[in-house]
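1. Everything below, folded, please.
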Amino acid sequence: MEIQTLEELRAADDLSLAFNPYGLGGRMRPEDAADFQQRQIADCDLAEGVAAGTRDSFERLRTVFAYGVLCYDVYTMVGDQTLLIYEQALRDRFMEWCADTITFRLPQAPDASYTVTSYDDVKKRADRMTRQRAKLVVADQAIEFNGMLYGLRMWARTAGLLRGRRSRAVEDALAKLRNYVAHPSGHHVDTPVEAARTVRDLAELINQLWGQATPDGRLYPAPLRREIVVLSWNGSGRTRMEPAVALTVADPVEDQECDEYQHVVVRAIPFIPGSRWNDAHWAEFDTRYETTRFPTEYLWGPGTREEARAWLEQERPEGDSVDFTDRVFLVQDHRRLLPPMRPAVAAGLPDNERVGVWHAVRADFPDDAFAHVRGSGDRSAGHTRHPGDCPACSAELLGSGTYDEAHRAAAVALGPIRAVHLPSVRLPLSPFSANQP
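-> Residues are numbered from 1 along each chain as shown. All right, here's what the predicted structure looks like:
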């Protein structure tokens, strides 16, 4: 190899300088590139309770990442090492979870518990128990567990440490990339963008393992803030959303202009320009079906603007926070496939509207639940038709059959379901707006 001088080692890598805040293009100054790249992962702080070993390995990644400005290959090394820390984090969290004792369920024998003082002990014991067809007991469930990455991922999901249906697909991808790095079959090169994204994903996963969601996170986002808003529409199909505070002061001109509108008060994710969490489907709100992207709660209406103002002044409802991941939906297939419905709303239906085949589906978004049920009718699409995680999409089928069978499957996941009875309110863009009385 060519021996470089210290001055040459300190020189910025021209390829690294090509990555700037606007993508690839003109080269940045070395000083600006160093500042820019460090900021890409500067806010990836770990929760206080994260195990020391995982924390030290992660912080080393953040330190080394900055040197990619001097050597472009550092980004590939950081990306690869990040994937290996994925398993280290799971191992460290497992040891905290098990508290030095693991329990296996053997076929036709009582459960057996064993003391472990390190993950090496866990791995050795898991190897022995696998040969005896024993399964690890996690939250009263028995799962396949051989101590490898797949078993650790199954454990984390079963223990409820990881959440979200769409994040499960990312976990699968990270596992495949980790296996490729651990058992390489060729040469590869990562960009700063890819390396930074992998580091950020790992930070989210680690924090979630230790019980901390990520504000504005991509994989395990913290609960979103819902505010009290008013949805309005008129006979020509025009719609609008405005914060409830806009109605607190009477405006004769505004009220006169809105006389032709109907108004409902809901608790919803407000529309914020530029936000990644904007609900593009708010104007499809329907009290029976889950037609908005995020949970929207009906509170009052429809009525005039003056009536809405009076109700708000009397009730003074407040906003809240809501976790939109791992929601449970019921999807009815009767003559045609209907949009997903909340189990509590379905429980309030009269018996004559509970006909057809019903599916209980766990998903992050109603569209995901609907797409799974629709896709399961096509055998070539690969969607599961049996309870469990779907290999073809981001949904989990809980059960199918009559309404009672689907309701029971939903109740297993949610607990007792209390029926709610809501008035029929549909905004113009609802799939059933044509049927609105």
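2. Now do the same contact list for residue 279.
-> 268, 269, 271, 292, 293, 294, 296 (Cβ atoms under 8 Å, 6 or more residues apart in numbering). (Each C-beta comes from the backbone N, C-alpha and C, glycine too.)
3. One more pass at 10 Å, please.
-> 224, 241, 268-271, 285, 292-296, 324 (Cβ atoms under 10 Å, 6 or more residues apart in numbering).
4. next SSE after the strand ranked longest in the chain?
-> The single longest strand within the chain, with elements called by DSSP state E, is strand 224-233. Once strand 224-233 ends, the next helix or strand along the chain (criterion: DSSP states H and E) is strand 239-243.
5. tell me what that following strand is packed against?
-> Contacts defined by 3 or more Cβ pairs under 10 Å, 6 or more residues apart in numbering; DSSP states H and E place strand 239-243 against strand 224-233, strand 262-268.
6. ok, residue 42 touching residue 203?
-> No - with contacts counted by Cβ atoms under 10 Å, residue 42 stays clear of residue 203, the gap being 11.1 Å.
7. so what sits against both of those two?
-> In contact with both residue 42 and residue 203: residue 62, using Cβ under 10 Å, 6+ apart.
8. neighbour-wise, which of the two wins?
-> Comparing residue 42 with residue 203 by other Cβ atoms under 10 Å, the one with more neighbours is residue 203, at 24 against 11.
9. give the contact list for the more buried one.
-> 41, 43-47, 50, 58, 61-62, 82, 214, 217, 219 are the contacts of residue 203 under Cβ under 10 Å, 6+ apart.
10. how about the nearest residue to residue 244, chain neighbours excluded?
-> residue 228 (4.1 Å; Cβ to Cβ, 6 or more residues apart in numbering).
11. Number of residues surrounding that neighbour?
-> 23.
12. and it, how far is that from residue 309?
-> 12 Å (Cβ to Cβ, to the nearest Å).
13. list the residues that contact both of the two?
-> Going by Cβ under 10 Å, 6+ apart, residues that sit against residue 228 and also against residue 309 are 244, 247, 265.
14. Could I get the pLDDT score of the first one?
-> Spelled out, that is residue 244. Residue 244 is assigned 91 on the pLDDT scale.
15. OK, contacts around it?
-> Counting by Cβ under 10 Å, 6+ apart, residue 244 has contacts 227-230, 265-267, 299, 308-309, 311-312, 316-317, 319.
16. Can you say which of those residues are buried?
-> 227-230, 265-267, 299, 308-309, 311-312, 317 (16 or more other Cβ atoms under 10 Å).
17. could I have stretch 358-374 exported to PDB, CA atoms only?
-> The C-alpha coordinates for stretch 358-374 follow below in PDB (Å, rounded to 0.1, in the frame of the first residue of the first chain):
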ATOM      1  CA  TRP A 358     -65.400 -10.500   8.600                       C
ATOM      2  CA  HIS A 359     -61.700 -10.200   9.100                       C
ATOM      3  CA  ALA A 360     -59.900  -8.900  12.200                       C
ATOM      4  CA  VAL A 361     -56.600  -7.300  11.100                       C
ATOM      5  CA  ARG A 362     -53.800  -5.600  13.000                       C
ATOM      6  CA  ALA A 363     -52.100  -2.800  11.000                       C
ATOM      7  CA  ASP A 364     -50.700   0.700  11.500                       C
ATOM      8  CA  PHE A 365     -53.100   2.200   8.900                       C
ATOM      9  CA  PRO A 366     -56.600   1.300   7.600                       C
ATOM     10  CA  ASP A 367     -55.300   1.200   4.100                       C
ATOM     11  CA  ASP A 368     -52.900  -1.600   5.100                       C
ATOM     12  CA  ALA A 369     -55.700  -3.600   6.600                       C
ATOM     13  CA  PHE A 370     -57.900  -3.100   3.500                       C
ATOM     14  CA  ALA A 371     -55.000  -4.000   1.100                       C
ATOM     15  CA  HIS A 372     -54.300  -7.200   3.000                       C
ATOM     16  CA  VAL A 373     -57.900  -8.500   3.000                       C
ATOM     17  CA  ARG A 374     -58.200  -7.500  -0.700                       C
END
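18. ok, now which ones touch residue 153?
-> 86, 87, 90, 162, 168, 171, 172, 174, 175.
19. Now, of these, which are buried?
-> Listed as buried from the contacts of residue 153 are 86, 87, 90, 162, 168, 171, 174, 175; burial here means 16+ other Cβ under 10 Å.
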